[in-house]
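S.K.: compute the structure for the input listed below.
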Amino acid sequence: MRPHSEGAGATVPVQTRSERFRSVNVDDFEPVTGREHEWKLSPVAAFADLTSGELDGSRLAIDTADAAGIATSWIGRDDARIGTAGIPEERASANAWSTFGEALLISVTGEDDKVATVTRTGLGTTPRGAHTVIEAAPNSRGLVVLRGTGDARLSENVEILVGAGANLTVVSLQEWTDDSVHLASHFARIARDAKLKHIVVSLGGKVVRVNPSTHLAEQGGDVEALGLYFSDAGQHLEQQVFVHHDAPHTRSRVTYKGALQGEGARSVWIGDVLIGNAATGTDSYEQNRNLVLTDGTRADSVPNLEIETGDIEGAGHASATGRFDDEQLFYLMARGIPEDEARRLVVRGFLTEIVQQIGQAELEARLIEALEAELQGA
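M.R.: Here you go, the predicted model:
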């Protein structure tokens with residue numbers, strides 16, 4: 001809600017996704033209660049220290065495997081690139097923004113394909129705030145993996161700047177320990193005729209909440225937003241995805257798939273697509289699929305689509321949550337495959353569709369191995 005300019009203190013609802021309040025100052029946001037639209041499906045008591053407490057904003061311990069054409073460095077808060085892709089819409093993001101001392105800059109240059117992995121590990125249990133900027137130069141190509149392992153209580157912002165004609169893939173890989181909490185807001189700005197493939201893979205952590213927002217700011221921009229998650233007993237995995245078509249002839253595809261097993265396993269997916277009045281020729285589709293493996297789980301799936309112009313190529317959304325396909329199980333078991341193995345094969349086929357779109361064989365193989373480990377415990 002916002003104050004109405006002529007209503008003597010009356011309030012009117014936010015009419016469109018792009019109208020949400022934004023600020024880099026944590027004090028501009030009210031304390032989190034869990035009743036807010038952005039928090040109502042989240043276990044807010046589990047991370048009150050990240051939304052309201054003091055955060056350590058010093059440099060994170062990182063391990064980088066650089067490739068030629070992808071370099072890492074640290075930049076100050078006053079760097080002109082900071083805030084270019086987007087600014088916080090909620091208190092945890094603003095708390096991290098208000099706290100960080102320096103931002104990690106990952107620069108991608110050169111037109112050849114290349115891969116670099118940046119691993120954050122050994123962060124401990126101290127509440128921390130961080131900021132990362134990934135900048136792809138015009139016409140550059142590359143794949144950047146942001147990987148989290150070990151213990152963490154982390155709130156962070158990630159800005160992704162995709163220059164004109166660039167083709168960038170960013171993989172956010174959460175493999176934290178069982179008690180870790182990770183809240184992340186990703187902001188991407190895509191320039192003319194550029195393409196971003198953004199992939200969120202959440203496997204480890206007690207509470208993991210990764211919210212990517214993409215601004216298709218110039219003509220011909222393209223985003224493919226993919227997500228994969230496997231929620232075990234007592235685990236909360238959440239993603240709120242926003243795609244803003246703000247220029248003509250832009251394209252987006254959003255596909256998130258997850259599996260849930262064990263008492264208290266929870267997933268939340270909210271997908272918002274806004275097609276602005278200048279975004280003629282837009283081609284957009286979003287979908288979320290959830291596979292429930294046991295009783296006692298809960299999957300929330302909420303697709304939203306706002307269209308402000310009728311001159312588009314197409315737009316749509318879909319959502320589905322269900323159990324195993326009995327026909328698939330019967331087909332496999334009829335060919336002599338034991339039921340437990342048949343179930344694993346069905347789940348593996350359901351999830352690996354996302355993995356196979358990463359486009360890097362070594363990383364795909366490692367993620368399939370991680371999924372196999374999850375399935376062995378199913």
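S.K.: distance of Phe29 relative to Val44?
M.R.: To Val44, Phe29 is 13 Å away according to CB to CB, to the nearest Å. Heads up, the C-betas are built off the backbone N, CA and C, glycines and all.
S.K.: which parts of the stretch 101-250 of the chain are strands?
M.R.: 102-108, 115-120, 127-136, 141-150, 153-162, 167-176, 181-190, 195-204, 207-216, 222-231, 236-245 (DSSP state E, counting those that start in this stretch).
S.K.: mean neighbour count, mean pLDDT and distance to Ile75 added to the ones you listed, as a markdown table?
M.R.: Shown next, in a markdown table, are the strands of the stretch 101-250 of the chain (neighbours: other CB atoms under 10 Å; pLDDT from 0 to 100; distance: least, CB to CB, whole Å):
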| stretch | mean neighbour count | mean pLDDT | distance to Ile75 |
| --- | --- | --- | --- |
| strand 102-108 | 21 | 98 | 5 |
| strand 115-120 | 20 | 96 | 15 |
| strand 127-136 | 24 | 98 | 7 |
| strand 141-150 | 22 | 96 | 16 |
| strand 153-162 | 26 | 98 | 11 |
| strand 167-176 | 23 | 97 | 18 |
| strand 181-190 | 25 | 98 | 16 |
| strand 195-204 | 23 | 97 | 21 |
| strand 207-216 | 25 | 98 | 21 |
| strand 222-231 | 24 | 97 | 25 |
| strand 236-245 | 25 | 98 | 26 |
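S.K.: of all the ones you listed, which lies closest to Ile337?
M.R.: The closest of the strands of the stretch 101-250 of the chain to Ile337 is strand 222-231. By CB to CB, the value is 21.8 Å.
S.K.: and that closest one, C-alpha only, in CSV?
M.R.: C-alpha atoms of strand 222-231 as CSV (Å, rounded to 0.1, in the frame of the first residue of the first chain):
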residue,chain,number,x,y,z
ASP,A,222,16.2,-12.2,-24.4
VAL,A,223,16.1,-14.0,-21.0
GLU,A,224,15.8,-17.7,-20.2
ALA,A,225,15.1,-18.0,-16.5
LEU,A,226,15.5,-21.6,-15.3
GLY,A,227,15.3,-23.1,-11.8
LEU,A,228,15.8,-26.5,-10.2
TYR,A,229,15.2,-27.3,-6.5
PHE,A,230,14.9,-30.4,-4.3
SER,A,231,13.3,-29.8,-0.9
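S.K.: show me what it is packed up against.
M.R.: Applying 3 or more CB pairs under 8 Å, 6 or more residues apart in numbering; DSSP states H and E, one finds that strand 222-231 contacts strand 181-190, strand 195-204, strand 207-216, strand 236-245, strand 251-260, strand 266-275, helix 339-355, helix 361-376.
S.K.: for Val144, give its distance to Thr214.
M.R.: Val144 is 16 Å from Thr214, by CB to CB.
S.K.: ok, now Ala61?
M.R.: From Ala61 to Thr214 the distance is 29 Å (CB to CB).
S.K.: again with Ala48
M.R.: From Ala48 to Thr214 the distance is 29 Å (CB to CB).
S.K.: domains of the chain?
M.R.: By the assignment in automatic domain parsing, the chain contains the domains 2-323, 324-378.
S.K.: I'd like the distance from the shortest one to the chain centre, please.
M.R.: Centre-to-centre, domain 324-378 and its host chain are 23 Å apart (CA atoms, centre = their mean, to the nearest Å).
S.K.: show the average pLDDT along that domain.
M.R.: Averaged across domain 324-378, pLDDT comes to 81.
S.K.: kindly report the same for stretch 256-268.
M.R.: 96.
S.K.: list the buried residues in that stretch.
M.R.: Of the residues in stretch 256-268, Tyr256, Lys257, Gly258, Ala259, Leu260, Gln261, Gly262, Ala265, Arg266, Ser267, Val268 count as buried by neighbour count, 16 or more other CB atoms under 10 Å.
S.K.: many thanks, I have nothing further to ask.
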